[in-house]
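Peer 1: 3D model of this:
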Amino acid sequence: MGTFKKLWLPIIALALILSACSGNAGNSGSNNGGGKEDPAATATGSAADLAFEKGKYDPPIEISTVIMPREYTKGETKENNVHDRWMLETLGIKYKNTWYPAGGDQYKQQLQLALTSGEKLPDFVMVPTDAVLTNQLIDSEQFIPIDELFEKYANQAWKDHAAQHPELWYPFTKNGKKWNLPIMEYTDNDDTLLWLREDWMAKLKLEAPKTIADLENIMDKFKNENPDGLAPKDVYPLAISMKSNTNTWMGGLDWLFGAYGTVQEQWNKDANGNLEYGSVNPGAKQALAKLQEWMEKGYIHPDSALWDEGKSAEIWTKGNAGILPGANWVPDWPAPDLLKNVPGSQYKAYPVPAGPDGLIGTKWQNSGVNSSFMINKDAKHPEAIILYYNYLLDHLANPAVGSKYENGFAQGYDWDMVDGQPTSDKEKIKDFFDKFPYITGPARIPDLYMSTLVKLANGEKPETPYEKQQAQFRKPENWYAAKVVMSQLDIRKQNYFTGAATPTMIEKWNLLRQSELETFNKIVYGKLPVDAFDTFVANWKANGGEKVTQEVNDWFQAVSQK
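Peer 2: Reported below is the predicted structural model:
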């Protein structure tokens, strides 16, 4: 997602990507059915085993890379910086023949051009979350399956998360083999909750909304009895985005559809364990009826259909809305704008409410992965990326008290001694810098972030270096929001379809989505009756949706087989 989230610094899409031309023909192995030697088998030899035993390559090895645009400090350059010096000294790994694409789009184009032209591909290719690109790379026969390498060399935290979340392999599984190494991300960091104007709640003496009916009462009070003295015509209590998606990261409506038993714009499991497109579930009709009612009452701004996620937040931060659906990190952005624009304003996270039948639901599209790596069949050291990432997970993701990384990655950069004491407070450190070009992006243990915030919200003392860092940098409102999210874990509905577009999707999906968006908007704005939903569903199925559903389920059965 393209959000501003301080937590994501530096987000993997902007991080260093391992890639480029190795030019090595020494290991011509392939596991693509060509009958050649398997590089994964070669990697189990003595050199690789010795490197994992020692924790580094001695003598050092070279790997080919692609480095995305980065910031540097202290006169350092992309060819000579603190991370690269650390990597050589600590792991015995150095770069060779590096590409420097201008950005993510250029990187994709360069990669696809290399595939079509036969140009040498990188040793290790970072693959953004893009099912089409992933399948193109798998089908190129330029990469090896990672099953054996992962089983032999991945550390326990990596293996444990993969075992607990087998769905993370679905986008990377083809022909019964796994092709991508998943890079872990914090789980539940995008789960939806409701951010309400707490000063309004207090002045109106309102209680937490447990149901949609409770929320409607709150919206009515916010609009017609506004505590700031705003006229009803100037208040649109619910800030939402309906421009391109309504199941999204800010101003989304997944929680409303969830109150009626579905989550729109994604593939949910039905009662029989089959995948169903949430927008055609009967519950979507009830959610649309409620949205139409709210639009008529002025609870939603009439321009919402033109607003993207960032724009939907503006009406909340300007003080003209009282409810913003968003994630736990809203206190970092955009809440500071609210406090600046509306003196005396306060905000607080609330659980999403239940529908009339007691149903509750939100999106959950994060199984703890935000990108992946593929390994070139010609890489001389295919296991090197695992050695690197293992080290980050073991030492930097949750550093131990007294460890080399207790205070940060590098002294004089993201931590330093000030007045005789170590600190990572950027306000106290001259030329503070923490945008290190980690190959995989910063290492993250998926459940660590949210569990730490819950601990802080419970009033427990931070003990580990990681906990102390979160206590220093995350706001108390953020801590509490995490606790709210974790109190509703059982309501999440996962998007189970993470594969490439199916044949019928390629042919028909754009038209199906266009029909969905137009019909839903017209219903919300009262230009079509709610019963138009039934006609939409019938047409959706007849015009390719039924075939798409079959293809999606065929894919799901194939990738989820034990």
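Peer 1: now do the strands in the stretch 301-450 of the chain.
Peer 2: 323-326, 347-350, 362-364, 369-376, 416-418, 421-423 (DSSP state E, counting those that start in this stretch).
Peer 1: what about the longest helix in the chain?
Peer 2: When the chain is parsed with DSSP state H, its longest helix is helix 503-524.
Peer 1: that older thread, which one of the strands of the stretch 301-450 of the chain lies nearest to residue 396?
Peer 2: Of all the strands of the stretch 301-450 of the chain, it is strand 421-423 that lies closest to residue 396, at 16.1 Å by C-beta to C-beta. To be clear about C-beta, it is placed using only N, CA and C from the backbone, and glycine gets the same treatment.
Peer 1: the closest one packs against which elements?
Peer 2: Secondary-structure packing of strand 421-423 (3 or more C-beta pairs under 8 Å, 6 or more residues apart in numbering; DSSP states H and E): strand 416-418.
Peer 1: give me the contact list for the strand it packs on.
Peer 2: 411, 422-423, 425, 428-430 (C-beta atoms under 8 Å, 6 or more residues apart in numbering).
Peer 1: hmm, 6 Å instead?
Peer 2: The contact list for strand 416-418 (C-beta atoms under 6 Å, 6 or more residues apart in numbering) reads 428-429.
Peer 1: what residues of it count as buried?
Peer 2: By neighbour count on 16 or more other C-beta atoms under 10 Å, the buried set for strand 416-418 is residue 416.
Peer 1: give me the sheet partners of that strand and which way each runs.
Peer 2: When sheet partners are counted by DSSP bridges, strand 416-418 sits next to strand 421-423 (antiparallel).
Peer 1: pLDDT on the partner strand, on average?
Peer 2: Averaged across strand 421-423, pLDDT comes to 93.
Peer 1: what bits of the stretch 151-300 of the chain have low per-residue confidence?
Peer 2: The model of the stretch 151-300 of the chain has no residue with pLDDT under 70.
Peer 1: all helices for it, in order.
Peer 2: Applying DSSP state H, counting those that start in this stretch to the stretch 151-300 of the chain gives helices spanning 156-164, 198-203, 212-224, 254-258, 282-296.
Peer 1: right, and those - which one's nearest residue 146?
Peer 2: helix 156-164 (11.0 Å).
Peer 1: hey, which of the helices of the stretch 151-300 of the chain is tucked in deepest?
Peer 2: Across the helices of the stretch 151-300 of the chain, averaging neighbours per residue (mean count of other C-beta atoms under 10 Å) puts helix 254-258 on top, at a mean of 29.
Peer 1: residues contacting that helix, please?
Peer 2: So helix 254-258 is contacted by 192, 247, 263-264, 284, 287, 352, 361-363 (C-beta under 6 Å, 6+ apart).
Peer 1: export the residues you listed to a markdown table and tack on distance to residue 392?
Peer 2: Output for the contacts of helix 254-258, formatted as a markdown table (distance: C-beta to C-beta, whole Å):
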| residue | distance to residue 392 |
| --- | --- |
| 192 | 30 |
| 247 | 32 |
| 263 | 33 |
| 264 | 37 |
| 284 | 42 |
| 287 | 42 |
| 352 | 34 |
| 361 | 35 |
| 362 | 31 |
| 363 | 29 |
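Peer 1: top of the residues you listed by neighbour count?
Peer 2: residue 263 (32 neighbours; other C-beta atoms under 10 Å).
Peer 1: that one reaches residue 277, doesn't it?
Peer 2: No: using C-beta atoms under 6 Å as the test, residue 263 is too far from residue 277 to be in contact (10.3 Å).
Peer 1: coming back round to it: buried residues in the longest helix of the chain?
Peer 2: Neighbour-count burial for helix 503-524 [16+ other C-beta under 10 Å]: 504-505, 508, 512-513, 516-517, 519-524.
Peer 1: now the residue nearest to the spatial centre of the chain: closest residue in space, sequence neighbours ignored.
Peer 2: In the chain, the centroid-proximal residue (C-alpha atoms, centre = their mean) is residue 370; its distance is 5.3 Å. Nearest residue to residue 370, sequence neighbours excluded (C-beta to C-beta, 6 or more residues apart in numbering): residue 185, at 4.0 Å.
Peer 1: from residue 423, how far off is the one you found?
Peer 2: Distance of residue 185 to residue 423, computed by C-beta to C-beta, to the nearest Å: 27 Å.
Peer 1: those two: who's more crowded?
Peer 2: residue 185 (21 against 16).
Peer 1: could you pull up the contacting residues of the more buried one?
Peer 2: Counting by C-beta under 6 Å, 6+ apart, residue 185 touches 368, 370, 444.
Peer 1: return the member of those nearest to residue 60.
Peer 2: residue 444 (27.1 Å).
Peer 1: count the neighbours of the nearest residue to residue 389 once chain neighbours are set aside for me.
Peer 2: Leaving aside its sequence neighbours, residue 389 sits nearest to residue 440 (C-beta to C-beta, 6+ apart; 5.1 Å). When neighbours are counted by other C-beta under 10 Å, residue 440 registers 24.
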